[in-house]
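>>> Okay, structure incoming, though there's no sequence with it:
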């Protein structure tokens with residue numbers, strides 16, 4: 001594949017200044033809603049629910065016959081580094097998952113234990129929970145499935161800086177349908193609605209020189225180790241690889257054997273043979289592995305043994321990373337320690353900007369590649385017999401995806417378009433300003449979140465390289481996400497909670513479903529407030545939006561010792577975002593000292609007196625909070 005060493009950056013086609021109108025396709029009836037949401041992903045679902053709780057109607061347009069996105073399609077091991085960092089509707093989802101398993105199997109059951117307090121779940125259970133949450137708002141939320149939006153300008157109508165109508169293809173009737181709304185939400189993994197609205201976006205990797213981010217550009221890195229030879233840090237148009245999160249089981253009563261796919265190509269997998277025999281892998285442990293150790297491993301396997309190479313995976317674990325789910329199932333992701341796994345780098349690069357015909361063809365190609373990989377590992381006679389036997393213990397879960405041959409329906413789109421919005425998120429926003437400290441705190445935060453800077457490979461195996469290009473992970477700390485990452489500059493009533501604004505590295509941490517759910521919740525509230533206040537999304541009052549989010553138990557800045565159930569939660573959230581509590585603990589019960597009193601009075605501009613021997617930090621913060629709110633209320637009444 002030819003490599004163009006450029007990021008793709010599409011410029012604005014719709015001239016808002018001159019009120020250019022792009023006409024939507026003609027249709028029969030036009031239906032109107034407060035919110036029109038393209039994409040039945042978890043973010044789209046949470047957008048609808050949070051807005052319904054504020055009395056707004058919404059329409060979810062989902063291309064497939066199922067809602068729920070990746071969690072309902074195999075991503076059952078929730079990607080979040082600090083539990084409690086992201087709350088709100090995401091926490092409600094997690095709690096409902098745990099309740100489902102508790103009610104069905106009993107509090108002391110293996111299923112409840114395996115669900116890990118609701119953070120691990122079967123695909124079918126995720127779809128059930130999303131369905132239940134939506135069903136509670138049937139008077140406000142309409143879900144239409146098999147509705148396809150194509151990112152073409154004729155499918156969107158824009159005038160005076162606002163979208164008024166979009167056209168959707170009904171995939172069952174093959175007819176066009178038109179929908180109008182006050183606010184439009186792009187909850188697609190690809191960013192198709194934003195693209196049709198001509199919001200500038202990026203596809204590909206920035207070079208390290210642009211934002212000085214770790215892992216930016218072309219990088220070869222040992223897994224859990226340092227960067228290696230060949231890293232140039234240069235920008236290109238490469239997109240991190242996609243895969244399927246496959247739901248496997250070793251329960252014979254619920255297992256479907258892996259059959260050879262129709263377009264099986266053995267040559268794609270043959271380099272795995274030597275990796276298995278020698279124990280070769282991509283981990284940092286390989287720096288200590290000698291040729292003699294690998295040859296000894298070969299002899300061990302020939303005699304029916306298992307690998308002895310440190311860091312090497314065995315059986316099915318050599319080709320897929322397994323996380324246990326309830327009922328003897330797994331979330332099977334790409335194996336980061338292997339040169340060949342379920343990711344299919346390079347071939348997915350066109351996905352973000354391609355039409356659905358190309359995407360569907362690639363999805364089928366990826367399915368056949370994935371099934372072929374497992375079939376090869378289970379049946380290839382040049383592999384050690386002991387390896388094949390261990391791998392053959394696993395099959396597809398019979399009770400999942402019954403309408404799709406027990407295989408996931410959704411490709412794991414790790415990264416599509418990344419729009420350039422009011423705020424551009426980079427690695428700096430997720431990494432501590434100094435060791436032990438927080439990342440920069442955004443006063444306009446709409447959620448806290450936490451995951452590593454994490455990208456999968458962009459290229460297939462290359463001779464002599466220690467790992468696949470672009471497969472990286474760098475630590476972060478719990479960070480705040482500003483509203484501006486999903487608010488475009490060019491269109492006043494469009495919100496982008498999934499294809500958010502950021503660099504390849506910055507996006508690599510935001511792109512986890514808990515954060516996307518939280519951004520969806522914020523999008524629903526922001527849309528509702530904009531409708532109520534007859535204003536642009538970007539002009540919503542920060543305190544009003546954050547107050548509504550906190551009322552829905554969203555965490556905007558994370559503290560280890562104060563959670564949404566605390567009576568001090570709202571006060572701590574507001575004071576924390578204003579800089580009064582920079583540490584990881586609020587320590588509300590601790591006595592307030594003279595130095596802290598002086599610091600807080602200086603920050604507030606007030607002169608509140610406290611005696612350090614009798615007052616707690618809670619008492620002073622609460623009084624400051626009340627005083628600041630009173631001042632703000634007075635200014636608001638006086639028109640300031």
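That came through, no problem. From a predicted model like this one, the values you see are computed outputs, not experimental measurements.

>>> Residue 185: what's it in contact with?
When contacts are counted by CB atoms under 8 Å, 6 or more residues apart in numbering, residue 185 touches 35-39, 44, 47, 193, 494-497, 520, 523-524, 527. In this view, the C-beta of every residue, glycine as well, is placed from N, C-alpha and C.

>>> List the beta-bridge partners for it.
residue 37, residue 495 (DSSP bridges).

>>> farthest-separated two in the contacts of residue 185?
Using CB to CB, the pair of the contacts of residue 185 lying farthest apart is 193 and 524, separated by 15.8 Å.

>>> nearest to residue 213, of the contacts of residue 185?
Of these, the one sitting nearest to residue 213 (CB to CB) turns out to be residue 496, at 21.3 Å.

>>> Name all residues that make contact with the closest one.
185, 186, 191, 194, 199, 419, 421, 486, 487, 488.

>>> where in the stretch 501-640 of the chain is pLDDT low?
611-614, 635-640 (pLDDT under 70).

>>> if we can go back for a sec, same drill for residue 193 and residue 524, tell me which one is more crowded.
residue 524 (35 against 29; other CB atoms under 10 Å).

>>> would the more buried one count as being in a helix?
Yes. If the criterion is DSSP: H, G, I helix; E, B strand; the rest coil, then residue 524 is within a helix.

>>> Tell me which residues touch it, please.
Residue 524 neighbours (CB under 8 Å, 6+ apart): 35, 46, 47, 48, 49, 50, 51, 52, 54, 56, 58, 185.

>>> Which other helices and strands does the stretch of helix or strand the third one belongs to contact?
Taking DSSP states H and E as the criterion, the element that holds residue 47 is helix 42-52. With contacts taken as 3 or more CB pairs under 8 Å, 6 or more residues apart in numbering; DSSP states H and E, helix 42-52 sits against strand 30-38, strand 58-61, helix 89-105, helix 123-135, strand 141-144, helix 513-533.

>>> So which of the contacts of residue 496 are in helices?
residue 194 (DSSP state H).

>>> Just the buried subset of the contacts of residue 496, written out for PyMOL, thanks.
To isolate in PyMOL the members of the contacts of residue 496 that are buried, counting by 16 or more other CB atoms under 10 Å, one can use:
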select buried, resi 185+186+191+194+199+419+421+486+487+488
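
>>> and which of the contacts of residue 496 is nearest residue 413?
Using CB to CB, those come closest to residue 413 at residue 191, 9.9 Å.

>>> unless I'm mixing things up, the closest one is touching residue 352, no?
Yes. Counting by CB atoms under 8 Å, residue 191 touches residue 352, with 7.1 Å between them.

>>> Which neighbours do those two have in common?
Common neighbours of residue 191 and residue 352 (CB under 8 Å, 6+ apart) are 416, 417.

>>> Residue 544: which of the contacts of residue 524 is nearest?
Checking those against residue 544 by CB to CB gives residue 54 as the nearest, at 11.6 Å.

>>> Isn't that closest one up against residue 526?
No. The criterion here is CB under 8 Å, and residue 54 misses it with residue 526 at 10.4 Å.

>>> Tell me which of these two has more neighbours.
residue 526 (29 against 18).

>>> what's that one in contact with, if anything?
446, 483, 487, 495, 537, 540, 545.

>>> Domain-wise, how is this protein divided?
Per automatic domain parsing, the structural domains of the chain span 20-204+415-551, 246-397, 581-637.

>>> which residues of the stretch 401-550 of the chain fall in strands?
418-419, 445-449, 453-455, 472-474, 479-482, 494-495 (DSSP state E, counting those that start in this stretch).

>>> Which strands border the fifth one, and is each parallel or antiparallel?
Spelled out, it's strand 479-482. strand 445-449 (antiparallel).

>>> pLDDT value on the nearest residue to residue 134 once chain neighbours are set aside, please?
Leaving aside its chain neighbours, residue 134 sits nearest to residue 141 (5.7 Å; criterion: CB to CB, 6 or more residues apart in numbering). Note on residue 141: pLDDT of 98.

>>> partner residues bridging residue 141?
Beta-bridge pairing of residue 141 under DSSP bridges involves residue 58.

>>> quick one: it and residue 47 touch, right?
No. Counting by CB under 8 Å, residue 47 is not a contact partner of residue 141; they are 9.9 Å apart.

>>> Return every residue with contacts to both of the two.
Common contacts of residue 141 and residue 47 (CB under 8 Å, 6+ apart): residue 58.

>>> more neighbours, these two?
residue 47 (35 against 24).

>>> so how far is residue 57 from that one?
Distance of residue 47 to residue 57, given as CB to CB, to the nearest Å: 12 Å.

>>> Identify the contacts common to these two.
Common neighbours of residue 47 and residue 57, counting by CB under 8 Å, 6+ apart, are residue 35.

>>> could I get the helices and strands packed on helix 42-52 as a markdown table with distance to residue 606?
Output for the helices and strands packed on helix 42-52, formatted as a markdown table (distance: least, CB to CB, whole Å):
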| stretch | distance to residue 606 |
| --- | --- |
| strand 30-38 | 40 |
| strand 58-61 | 42 |
| helix 89-105 | 34 |
| helix 123-135 | 43 |
| strand 141-144 | 44 |
| helix 513-533 | 29 |
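
>>> Other residues contacting the helix holding residue 47?
34-35, 37-38, 58, 60, 62, 67-71, 89-90, 93, 130, 133-134, 137, 140-141, 185, 187, 495, 497-498, 513, 516-525, 527-528, 552.

>>> Having no further points to raise, I will conclude here.
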